[in-house]
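*Asks:* sequence unknown, structure follows:
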Ligand SMILES: Cc1ncc(C[n+]2csc(CCOP(=O)(O)OP(=O)(O)O)c2C)c(N)n1
Ligand code: SF4
Ligand SMILES: [Mg+2]
């Protein structure tokens, strides 16, 4: 049985995903998570395999390319007692799944999205991902990248994410801390992790990043609704900082926006205490859901 | 039949008219047709009345109630007895009605001109009188201004009562007491002004008509409900324990989801039970809708989504994932006119083979198609049961015509009280739990997220749920998944998989909505000396091949009756049994089959040996 529980890790040697894996494992351990109270959801890509490689007693749901957020929302809203952590590639998140990414901000479901931001589509052999800057030609590309890149941090802030951070895969200390904070945050959190892909991205390598990333010193926390706009603007300015240095850390954090689950309580007052997954729908093989009031309303005689 | 511009209360008046007849003890079937438009385009309700439960409409209209010119021009050829029309519009010419589609305008102008008439509405009245119909002119304008003055109302508020005048005239023709209509109004409107306004409109209309049909109130045993297909599915799902529904807006599916949301707090029938809520999630697209439902299902919540053709196409990949991961998820498929956006507000059966083959790859799909409102209720419950019992996606097909039509039904015929709930084999979880454990019949006891450690992946996986491409595992796991369909085939009774009605060597083989028209046509055909048997397939996967082959053995004529071009249900029959239909009755105009169309088509097949009849009735 035990040999079942861990899958052979087949990432390339030196892949930044190993750093992310260590950080996720650390955050899981230090946050007291296991299969009873949490689940790891992932998309498709090298990054998507992460749940299978985690050395911790958690469950994993390895979904479809781009759709991890949709699965995760279903899990979380049916069972809001679960901590839901999502690992997704940058192609996954900002290419094929970008609609879900933006919509997740509008909902502010209490979940943590970790993006493996490597600038390429790793598992399909290195095509340009939506975060690769225009004009860059990694060794996997036949021509320089023709598209402009998007900025995950800025997109998250403008989409309504209430916790937005960027870290670096090999800074496992900071990454672990930030993932823990994101898990603890009540609302939709993005942790964008800059991740070297030594196999296909020979531009944004470990050495390249090492000289550029620095832990920024800003106060990202919105303490009063009146601060929201100013904090967002400051975070956006920081997100676009481009003087050769890359700030990492928490850009924006706002606990004053109600989560989707809290919003649902307006319609379903006992939603958090008696959520869908725990409701008894059957007794002795018979339905316990009464539809009497609905039938009454359509009763003609 | 009542028609008028969309957004002006045609639905409301048809519903109230129906409710009044129900109160007088009659059964009804009302079919609704409308454009993909919000305001202004032509819409109509075709309502049939009977002293027993009926499931279809006729194409020969006794009373055509109108308050605009377009309805008159579009439908006058269908009228048998009465036309109710606005006297002020007598001078309106057909070619002046710009929303009337050119093809229809040309056709109708030709009908009038052939008999030497002009193209004004008054010419239509003369045409009808020549053909033995009576026309009842109504001075809507002056009636309305009288009411407006009497009640001191603003004209725009009052306008919606205009169509109640024609409902009043129609009701007068039935010979039933107008008290039924007034009762129905009181039940529909809470606002006293609206009640009074509509009662005045009814009174004015009722006074214009004399009893023609001589209907008498009938004795009523028990309660009766008035329900459309969207509502039936919504109520059925809730009774079946649904607690999570995701959807992206699309006609004609979204009304189901918004109905559930409006009624999302569910009372528990247990004495000690707590009220619980159904989460209804409006997603950003159908990709999210299916996959959110998949996610919810993994937590042990009964989860579903509802969509129609375009959305169902987008759901393919998510349904494939559900098949691979043995997820119990219900997809309610409101089938409309395809391909692409097709006829967005019309009906169709052209996606049956898509439903049966949805998602890439080989995995068990269970596909159930309802033939009437009673079946919609029970299939919604059973769909959730089958999904959990066989841990696989279930597609429940409801055609647009059933979704938007309403029936008056005996309340105890829907059988939702204490509906049977079958959650399949549950594990509860353990330390050595294996989500995809190999078992004899392919069913692995199910634990929910939170109950045990488990993995799901769209890649081929081992019993634990980890990825493996080893052929030894692939061989077994692949077969384990697919074996569940054999089990479902063996366990789901034939009485559920298909319905047989009548006994004859002429079989009408059908599925879905034509069922109603066929059943309703049986008596007329019998009177014409033609006995028929109807076989309605309800479960297309697993397909009841053995039973159907047995039933069809030695039959002289097998007539495939479907609302599509290829006769897809018959193609599936052929795929499983090698049996081909001898004849076809097909319709792909997006409008439902009527009982007269069936009657005429069967006659021409039986008497004149016509191979294939293509129907196009209704507009
Ligand atoms: C619908 C669909 N289209 C395409 C693919 C093929 N595919 C697999 S992984 C991948 C890209 C992965 O890139 P990314 O999300 O950045 O993850 P990474 O491998 O870089 O971690 C693609 C396009 C797929 N699995 N599904
Ligand atoms: S291709 Fe790149 S991202 Fe994928 S495992 Fe190899 S190094 Fe890592
Ligand atoms: Mg990538």
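*Replies:* Now that the structure is in, tell me what you want to look at. These numbers were taken from a predicted model, which means no experiment stands behind them. Ligands and ions are numbered 1, 2, ... in the order given.
*Asks:* CA atoms for contacts and neighbours, from now on please.
*Replies:* Will do.
*Asks:* what bridges to the residue nearest the centre of chain A?
*Replies:* Here the mean C-alpha position of chain A is nearest to the C-alpha of residue A:113 (C-alpha atoms, centre = their mean), at a distance of 0.8 Å. In this entry, residue A:113 is beta-bridged to residue A:86, residue A:190, by DSSP bridges.
*Asks:* list the contacts of it.
*Replies:* For residue A:113, the residues meeting the contact criterion (C-alpha atoms under 8 Å, 6 or more residues apart in numbering or on different chains) are A:85-88, A:188-191.
*Asks:* interface residues of chain A facing ligand 1?
*Replies:* Applying the criterion C-alpha under 6 Å from any ligand atom, the portion of chain A that neighbours ligand 1 consists of A:44-47, A:65, A:89-92, A:120-124, A:129.
*Asks:* can you narrow those to ones near ligand 2?
*Replies:* Restricting those to those near ligand 2 by C-alpha under 6 Å from any ligand atom leaves A:46, A:122-123.
*Asks:* show me where pLDDT drops low in the chain?
*Replies:* Unless you meant another one, I'm taking chain A. For chain A, the stretches flagged by pLDDT under 70 are A:1-4.
*Asks:* please go with chain B instead
*Replies:* For chain B, applying pLDDT under 70 flags the ranges B:271-272.
*Asks:* domain ranges for it, per the record?
*Replies:* Chain B is divided into the following domains under automatic domain parsing: B:2-206, B:226-418, B:425-492, B:500-614.
*Asks:* out of the ones you listed, nearest to ligand 2?
*Replies:* Counting by C-alpha to the nearest ligand atom, ligand 2 lies closest to domain B:425-492 out of these; the figure is 15.8 Å.
*Asks:* wondering if the closest one reaches ligand 1 at all.
*Replies:* No - using C-alpha under 6 Å from any ligand atom, domain B:425-492 never reaches ligand 1; the gap is at least 9.7 Å.
*Asks:* count of residues packed around whatever residue of the stretch 251-400 of chain B ends up closest to ligand 1?
*Replies:* Among residues of the stretch 251-400 of chain B, the one nearest ligand 1 by C-alpha to the nearest ligand atom turns out to be residue B:317. It sits 7.7 Å away. Using other C-alpha atoms under 10 Å in any protein chain shown, residue B:317 has 20 neighbouring residues.
*Asks:* ok, it touching residue B:359?
*Replies:* Yes - judged on C-alpha atoms under 8 Å, residue B:317 makes contact with residue B:359 at a distance of 5.6 Å.
*Asks:* residue A:221: what's its closest spatial neighbour, skipping adjacent residues?
*Replies:* Closest residue in space to residue A:221, ignoring its immediate chain neighbours: residue A:253 at 4.7 Å, by C-alpha to C-alpha, 6 or more residues apart in numbering or on different chains.
*Asks:* what about residue B:3, which helix or strand?
*Replies:* In this structure, residue B:3 is located in strand B:2-5 according to DSSP states H and E.
*Asks:* output the contacting helices and strands for that strand.
*Replies:* If contacts are counted by 3 or more C-alpha pairs under 8 Å, 6 or more residues apart in numbering or on different chains; DSSP states H and E, strand B:2-5 sits against helix B:10-23, strand B:42-50, strand B:61-66, helix B:69-75.
*Asks:* wait, which of the ones you listed is closest to residue B:166?
*Replies:* With distances scored as C-alpha to C-alpha, the stretch of these nearest to residue B:166 is strand B:61-66 (5.8 Å).
*Asks:* can you give the strand pairings for the closest one, parallel or anti for each?
*Replies:* With DSSP bridges as the criterion, the sheet partners recorded for strand B:61-66 are strand B:2-5 (parallel), strand B:79-86 (parallel).
*Asks:* contact partners of that strand?
*Replies:* Strand B:61-66 is touched from outside by B:1-4, B:72, B:75-76, B:78-86, B:163, B:166-167, B:170, with contacts defined as C-alpha under 8 Å, 6+ apart.
*Asks:* 10 Å instead?
*Replies:* Taking C-alpha atoms under 10 Å, 6 or more residues apart in numbering or on different chains as the criterion, the residues outside strand B:61-66 that touch it are B:1-5, B:10, B:44-48, B:71-72, B:75-86, B:133-136, B:138, B:163, B:165-170, B:173-174, B:213.
*Asks:* just want the angle from that strand to helix B:10-23.
*Replies:* If you take axes from the mean of the first three to the mean of the last three C-alpha atoms, to 10 degrees, strand B:61-66 sits at 140 degrees to helix B:10-23.
*Asks:* can you count the residues close to residue B:581?
*Replies:* By other C-alpha under 10 Å, the burial measure for residue B:581, its neighbour count, is 21.
*Asks:* need the three-state assignment for it.
*Replies:* Here residue B:581 is recorded as coil under DSSP: H, G, I helix; E, B strand; the rest coil.
*Asks:* in space, what's closest to it - neighbours in sequence excluded?
*Replies:* Excluding its sequence neighbours, the residue lying closest to residue B:581 (C-alpha to C-alpha, 6+ apart) is residue B:558, at 4.8 Å.
*Asks:* which residues touch the one you found?
*Replies:* When contacts are counted by C-alpha under 10 Å, 6+ apart, residue B:558 is found next to B:505-509, B:533-535, B:552, B:570, B:579-584.
*Asks:* among these, which ones are buried?
*Replies:* Neighbour counting over the contacts of residue B:558 (16 or more other C-alpha atoms under 10 Å in any protein chain shown) leaves B:506-509, B:533-535, B:552, B:570, B:579, B:581, B:583-584 as the buried ones.
*Asks:* tell me which residue in the stretch 201-301 of chain A sits closest to chain B.
*Replies:* residue A:299 (4.2 Å; C-alpha to the nearest C-alpha).
*Asks:* tell me the secondary structure for the closest residue to that residue other than its chain neighbours?
*Replies:* Distances taken as C-alpha to C-alpha, 6+ apart place residue B:225 nearest to residue A:299, at 4.2 Å, with adjacent residues excluded. On the three-state scheme (three-state DSSP), residue B:225 is labelled strand.
*Asks:* same thing with residue A:28?
*Replies:* Using three-state DSSP as the criterion, the local structure at residue A:28 reads helix.
*Asks:* need the contact list for it.
*Replies:* If a contact means C-alpha under 10 Å, 6+ apart, then residue A:28 has A:22, A:34, A:38, A:40, A:54-58, A:85, A:176, A:179-180, A:183 as its contacts.
*Asks:* swap in residue B:312?
*Replies:* Contacts here follow C-alpha under 10 Å, 6+ apart; on that basis residue B:312 touches B:286-287, B:290, B:305-306, B:319, B:331-335, B:351, B:354-355, B:358-359.
*Asks:* now with 8 Å?
*Replies:* Neighbouring residues of residue B:312 by C-alpha under 8 Å, 6+ apart: B:286, B:333.
*Asks:* could you verify that it is part of a strand?
*Replies:* No - the assignment for residue B:312 by three-state DSSP gives helix, which leaves it out of any strand.
*Asks:* what's the burial count for residue B:308?
*Replies:* Applying other C-alpha under 10 Å, we find 28 residues neighbouring residue B:308.
*Asks:* isn't it right next to residue B:255, touching?
*Replies:* No - with contact taken as C-alpha under 8 Å, residue B:308 and residue B:255 are classed as non-touching, separated by 11.8 Å.
*Asks:* next helix or strand past the longest helix along chain B?
*Replies:* Counting residues, the longest helix in chain B under DSSP state H turns out to be helix B:471-491. Going down the chain from helix B:471-491, the next helix or strand is helix B:494-497, by DSSP H and E.
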